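1. I would like to see how this sequence folds:
(one chain, ligands or ions: 1)
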Amino acid sequence: MKYSIALVFAILLGSTSQAQDSAMFRKIANQILLQGKCYEDLRILCKQVGNRLSGTPAASRAISWGERTLREAGADKVWLQLVEVPVWIRGKENLSVREGNTGNWLSLPMLSLGNTVGTGGKILEASIIMVQDFEEFSRLGTKDVAGKIVFFNHRFPQQLVNTFEGYGQAGSYRWNSPNLASAKGAAGVIIRSISTGEDDEPHTGSLRYADSIRPIPAVAIGNRSADLLEKWCLKNPVTARLQSNCRMAGTKTSFNVVGEIEGEQLPNQIVVVGGHLDSWDVGEGAHDDGAGCVQSIEVLRTFKALKLRPKRTLRVVLFMNEENGLKGGMAYADSAQAHHEEHILALESDAGGFAPRGISLGMSDAQRRYLQSYKSLFLPYGVYDFEGKNGGADIWPLQKAGVPVAELIPDPQRYFDYHHTAKDVFEAVNHRELKMGAVAMTQFIYLITQYGL
Ligand SMILES: [Zn+2]
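-> Okay, the predicted model is just below:
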């Protein structure tokens, strides 16, 4: 077999650069695993700021925390980007149920769904009608449903290996069941939580009222409470009493936090890495999405610590209002367009601080194939899955504007035990798994800032 001199030269060059990249990957991992501060950053965000729903004083404290932490990590420039956010207030709430007409009222752990209306502090008492899924609900008429509270007893599809696929399927019960129930005259909705948990933890999260319908209160209960309610509903008439004070309270001025290291050779080409700064109003927003924020800051800190001047501009964005409006993601994309910024790629981490398994690539087939050619560099770090085609929610407006996007894919088995619950606290995050996620993100961002896409 004969090789041309040029081909031999190209192969040799390729293997040298592969060896150099591999050495850089190891340097990045050493830096983060030995010196990384993301776990300590997460402790401060969770314990000193706490949960931070958009428009709350805690969200303002989180913005100051983000600014300060990005500066300390070594960003050349840090600034705030204006975002007008919706404000939703939970207030006091309780739900109790009674089997038959004479039994005792039993109080169930519950959480109103985010953005839902409440009962205005009054007791809403109504009989419950249970359905297993949308299909069963579609067979009911207005006369079956009017004035009742509909219990959507849909279970998380536990048979799926990737729980995020289950979220896509089960999530519609949170987003849409109040619309369907209201259209048939229901007084309210109870859903079985979008949860993989073998526990009684209620999971909140946004719903979306359709414009044309009368908004009705919607709440979630944990899996054990749902099991009990199911048992009762199969035997006897069941009545519920719901009392809640939640409401929308206009909008407030808030901010995305942005920090960057300017590119040395191509400063106008921007590579974004980010997570969302807001969280639900229960727990501490540790996995969702404190983890993504501190990992993104760690990417920048690692470039600084290794004195690695990126060829292209590396920009960290901590987005506001992912949970109940996505206004931060939209404001960022609008600003990028207004300023004619050139975005090479945006990477988000918003699937939990668990051990990384892959990076999802939302871009053209040619770009995906090009990035997949680096897969062997990631394998020693347990990162093997480059088949996904999604980005995160916050960078979806960028993606819609044509920017290639990517998302860190952590191990998905435990995320929906914690998602949007009081259990999503700092202690639920493992320091090594969190750092390994930051390692994979930094390695990936290194490739993009150096070689482009
Ligand atoms: Zn999130």
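2. Correct me if wrong: V299 contacts V273.
-> Yes. With contacts counted by CB atoms under 8 Å, V299 reaches V273, the gap being 5.1 Å. To be clear about C-beta, it is placed using only N, CA and C from the backbone, and glycine gets the same treatment.
3. which stretches of the stretch 301-450 of the chain form helices?
-> 327-338, 365-372, 375-378, 396-400, 415-418, 431-451 (DSSP state H, counting those that start in this stretch).
4. so what secondary structure elements neighbour the fourth one?
-> Looking back up the chat, that one is helix 396-400. helix 327-338, strand 342-348, strand 405-410 (3 or more CB pairs under 8 Å, 6 or more residues apart in numbering; DSSP states H and E).
5. wait, which of the ones you listed is closest to L308?
-> Closest to L308 of the helices and strands packed on helix 396-400 is strand 342-348 (CB to CB; 16.8 Å).
6. which residues touch the closest residue to the ion within the stretch 301-450 of the chain?
-> Residue nearest to the ion within the stretch 301-450 of the chain: D350 (4.3 Å; CB to the ion). By CB atoms under 8 Å, 6 or more residues apart in numbering, the contact list for D350 reads 275-276, 288-289, 292, 322, 392-394, 407.
7. ok, back up a step: adding distance to V257, mean pLDDT and mean neighbour count as columns, could you present the helices and strands packed on helix 396-400 in TSV?
-> As requested, these are exported to TSV (distance: least, CB to CB, whole Å; pLDDT from 0 to 100; neighbours: other CB atoms under 10 Å):
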stretch	distance to V257	mean pLDDT	mean neighbour count
helix 327-338	9	98	19
strand 342-348	15	98	24
strand 405-410	19	98	27
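8. In TSV: those, plus distance to the ion.
-> As requested, these are exported to TSV (distance: least, CB to the ion, whole Å):
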stretch	distance to the ion
helix 327-338	11
strand 342-348	9
strand 405-410	11
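9. hmm, back to that, roughly how far apart are the residue of the stretch 301-450 of the chain closest to the ion and D21?
-> 27 Å (CB to CB, to the nearest Å).
10. any idea of the pLDDT on the nearest residue to G120 once chain neighbours are set aside?
-> Of all residues not flanking G120 in the chain, N245 sits nearest, at 7.4 Å (CB to CB, 6 or more residues apart in numbering). Per-residue pLDDT puts N245 at 98.
11. I'd like the distance between N245 and E284.
-> 23 Å.
12. These two: who's more crowded?
-> Per other CB atoms under 10 Å, whichever of N245 and E284 has more neighbours is E284, with 26 against 15.
13. any idea how far the more buried one lies from the ion?
-> According to CB to the ion, to the nearest Å, E284 and the ion sit 13 Å apart.
14. My guess is that residue contacts N51. True?
-> Yes. Counting by CB under 8 Å, N51 is a contact partner of E284 at 5.7 Å.
15. Skip the chain neighbours and tell me the closest residue to the residue of the stretch 101-250 of the chain found nearest the ion.
-> Across the stretch 101-250 of the chain, the shortest distance to the ion (CB to the ion) belongs to G205, at 9.6 Å. Leaving out its chain neighbours, the residue that sits closest to G205 by CB to CB, 6+ apart is H420, at 4.6 Å.
16. same check, this time on V425
-> E284 (4.5 Å).
17. tell me the SS of the one you found?
-> Following DSSP: H, G, I helix; E, B strand; the rest coil, we place E284 in the coil state.
18. Who is L408 paired with across the strands?
-> I359 (DSSP bridges).
19. So which bits of stretch 146-159 are buried?
-> Within stretch 146-159, the residues scored as buried using 16 or more other CB atoms under 10 Å are 148-156.
20. where does this protein come near the ion, residue by residue?
-> Contact residues (CB under 5 Å from the ion) of the chain with the ion: 288-289, 350.
21. run the last query once more with 8 Å
-> 275-276, 279, 288-289, 292, 322-323, 350-351, 392-393 (CB under 8 Å from the ion).
22. now the spatially most central residue of the chain: how far from Q337?
-> For the chain, the residue nearest the mean C-alpha position is D350 (4.0 Å; CA atoms, centre = their mean). Distance from D350 to Q337, counting by CB to CB: 22 Å.
23. What of K307?
-> Taken as CB to CB, the span from K307 to Q337 is 34 Å.
24. Ok, L318 next?
-> 20 Å.
25. With V429 instead?
-> 35 Å.
26. what number of residues lie near the residue of the stretch 101-250 of the chain closest to the ion?
-> So G205, with other CB under 10 Å, has 23 neighbours.
27. didn't it look like it was pressed against A170?
-> No. Counting by CB under 8 Å, G205 sits too far from A170 to count as a contact (10.7 Å).
28. Now do the shared contacts for those two.
-> Taking CB under 8 Å, 6+ apart as the contact rule, G205 and A170 both touch I194.
29. Which residue ranges of the stretch 51-200 of the chain form helices?
-> With DSSP H, counting those that start in this stretch as the criterion, the stretch 51-200 of the chain has helices spanning 57-73, 134-138, 142-145, 163-183.
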